[in-house]
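> Structure for this input, please:
(one chain, ligands or ions: 1)
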Amino acid sequence: MDAYVLGLVAVLVLIVFKLGTRNHEYWRRKGVESVGAVPFVGSMWPVVSLREHMADFFHRLAIENKGKKFVGYFQGSTPGLLVLDPELIRSILISDFSHFVDHGFEIDPEADPMQSRNLFNMSGQYWKEMRSMLSPTFSSGKIKALFPLVQECATSFENYMLSNKSQDINIKDLLARFTTNVIGSCAFGITVNSLENPEDKFRQMGRKLFEVDFVQGFKNSCIFFQPQIANIFKFRVFSEELTNFFRNLVHEIMDKRAKSGNTRKDFLQLLIQLKEKGKLGSTDDEPNENNESSIGLKLTDDDIVAQALVFFIGGFESTSMTLTYTLMELARNPEAQRKARANIKEVLQRHDGILSFQSMQELTYLDKIANETLRMYPPLAVINRICTKQYKIPNTNVTLEKGTAIAISVKGIQNDPQYFEDPETFNPDRFSDENPVKTKCAFMPFGEGPRQCIGMRFAKMPLKLGLFSILRHFEVLQSPNTVYPPEFDPRQFFLASKHDIYVQLRECCDY
Ligand code: HEM
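All right, here's what the predicted structure looks like:
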């Protein structure tokens, strides 16, 4: 009897094991080298179990597989390909994009309606239509119109720092509050004062969007890498409380504007106009934009909420962490600060002390600094795609089937000595005009091709104005309370640091 039970258990274990590893021979059969995998979870166990940030995981695989064009891995039982060769990356993101249209994050619309409507998560024709509908809201003219709003936030930030001097400053928190004010003003049309009032409701809710405990971290990694499990348990990225807060806020503002007839030059107003007219009106420097949907896609009120939230989700952590890492690196690089200050002084002198949208373009050393931070610490350190149409990898016998996941380690490539000499050194001068990045797709913090970051042009504004506000008054010094190099929080999707980051600010000038 005992032998019978034991035999049964052994058979059951074998069946479960076979089920859990049913696809793990996939890459071997195709003649592609692959990394190890465990039953059910696949290769990404360190990520799913929140022991390693996915950026570090793929960066490590990139180092371990240096010299190869690609290497196979498994997301659960789904085969994935980590692409290492910039030429192939270029084909996937740009020239053969029609085979790799989607990010491959399947969010169940019933479980999480707001996230499933977020442009980042949309797929196929709906993504295409929504992207072309929203693109004009990020045109250079529309971004220029947002400049006064960002500048207003930067000026209050500057005044706050001048009147709240303290020895050691937690810049991760301070810059998160500055970025929250920018997003409140530009995307939601409200004045948020989270600098003076860190407990402001909008800041509290914004913080909650990114506060991920172990359970939510596990749910998120399932949503992104094990969608079958996430869909069974109806996991959602954001709680109902958060979704309702932002939904009510946006509806309230829209109602107020509709009743009063007042408008404001912000992103929300552009979305309202898109919903009402199906297209955007002209501005002084732009032709009328006919961006009506060809499949009859119409923006609903919830689409407006979802796209305003995209600003928060796409723009908050990416911008505030980039500013934070920039100050952390500048504190270690007085020479880069000196060059930045010289650039600021010279531009302000040339323009009678006034920084306008045009004169901001001349702060070229700040661009180099931002680029160098984005190279070392790309906020979205892994770009994902899913193969949407069978694809034969050029010059190989390997054909990728529809459904294959693609990962590109932006952090890996941008920190590879083959493309960037001495990659651990913060050196903004490597982005000088005389020394352009030679390999296409070796530097792509905003992605590349038709699915490149839609907010790229906007993001550069708070990055530059935030830096400008600090460097025109303060010298940035190292703090003994900062862990360097930073460690990354495996619960976060973006490359957020695990620890708070501190610097010291010493008032040095007033340009
Ligand atoms: C430093 C700031 C930022 C960085 C480094 C960044 C980076 C990225 C990257 C790498 C992607 C994926 C591109 C790809 O798949 O090829 C992306 C997509 C996206 N980003 Fe950003 N981003 C930033 C700021 C913003 C801001 C301010 C917004 C505000 C609207 C935004 C909205 C989006 C959206 C909506 C997508 C999805 C686009 C699509 O799928 O069509 N991002 N971003």
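> thought residue 245 was touching residue 205?
Yes: look at residue 245 against residue 205 with Cβ atoms under 8 Å: they come within range, at 5.0 Å. The C-beta positions use only the backbone N, C-alpha and C, and glycine is treated the same way.
> So which bits of the protein are right by the ligand?
Applying Cβ under 6 Å from any ligand atom, one finds that the chain approaches the ligand through 119-120, 131, 310-311, 314-315, 318-319, 322, 374, 379-380, 383, 445-448, 451-455, 458-459.
> could you redo the last one with a cut-off of 5 Å?
Residues of the chain lying close to the ligand (Cβ under 5 Å from any ligand atom) are 119-120, 131, 310-311, 314-315, 318, 322, 379-380, 383, 445-447, 451, 453-455, 459.
> In ChimeraX, select just the buried ones from the residues you listed.
In ChimeraX, this line selects whichever of these come out buried by 16 or more other Cβ atoms under 10 Å:
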select :119,120,310,311,314,315,318,322,379,380,383,445,446,447,451,453,454,455,459
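> Which pLDDT value goes with residue 281?
pLDDT, residue 281: 60.
> now the one 5 residues further on
Note on residue 286: pLDDT of 54.
> thinking again about what came up before, the residues of the chain next to the ligand in strands, which ones?
Mapping those onto strands (DSSP state E) picks out residue 383.
> Just the ones of the residues of the chain next to the ligand in helices?
131, 310, 311, 314, 315, 318, 322, 459 (DSSP state H).
> Same list (those residues) but as JSON lines, adding pLDDT.
Below are these laid out as JSON lines (pLDDT from 0 to 100):
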{"residue": "131", "pLDDT": "93"}
{"residue": "310", "pLDDT": "86"}
{"residue": "311", "pLDDT": "86"}
{"residue": "314", "pLDDT": "88"}
{"residue": "315", "pLDDT": "90"}
{"residue": "318", "pLDDT": "95"}
{"residue": "322", "pLDDT": "98"}
{"residue": "459", "pLDDT": "96"}
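> shaky segments in this protein?
Counting by pLDDT under 70, the chain has low-confidence residues at 1, 279, 281-296.
> tell me the centre residue of it?
Nearest to the mean C-alpha position of the chain, by Cα atoms, centre = their mean, lies residue 380 at 4.3 Å.
> Report the secondary structure element holding residue 207.
helix 201-210 (DSSP states H and E).
> what packs against that helix?
The helices and strands touching helix 201-210, judged by 3 or more Cβ pairs under 8 Å, 6 or more residues apart in numbering; DSSP states H and E, are helix 171-187, helix 240-260, helix 301-331.
> and the angle for the shortest one with helix 301-331?
Read that as helix 171-187. Per axes from the mean of the first three to the mean of the last three Cα atoms, to 10 degrees, the angle that helix 171-187 makes with helix 301-331 is 140 degrees.
> Now residue 148. Nearest residue, chain neighbours left out?
residue 265 (7.9 Å; Cβ to Cβ, 6 or more residues apart in numbering).
> Around the one you found, count how many other residues there are.
Neighbour count of residue 265, defined by other Cβ atoms under 10 Å: 15.
> quick check, it in a helix?
No: with DSSP: H, G, I helix; E, B strand; the rest coil as the criterion, residue 265 is coil rather than part of a helix.
> got the phi/psi numbers for residue 470?
phi -80, psi -50 (degrees, to the nearest 10).
> With the one 4 residues further on instead?
When read as degrees, to the nearest 10, the backbone of residue 474 gives phi -120, psi 150.
> So residue 377 sits against residue 496, correct?
No: counting by Cβ under 8 Å, residue 377 stays clear of residue 496, with 9.9 Å between them.
> hmm, back to that, the residue nearest to the centre of the chain and residue 411 touch, don't they?
No: counting by Cβ under 8 Å, residue 380 stays clear of residue 411, with 9.5 Å between them.
> if I look at the two, which residues touch both of them?
Listed as contacting both residue 380 and residue 411 by Cβ atoms under 8 Å, 6 or more residues apart in numbering are residue 495.
> now the helix or strand where residue 9 lies, how far from the chain's geometric center?
Residue 9 is part of helix 2-20 when elements are defined by DSSP H and E. Here the centre of helix 2-20 is set off from its chain's centre by 45 Å, with Cα atoms, centre = their mean, to the nearest Å.
> With stretch 14-30 instead?
Per Cα atoms, centre = their mean, the centroid offset for stretch 14-30 relative to its chain is 33 Å.
> Much appreciated, bye for now.
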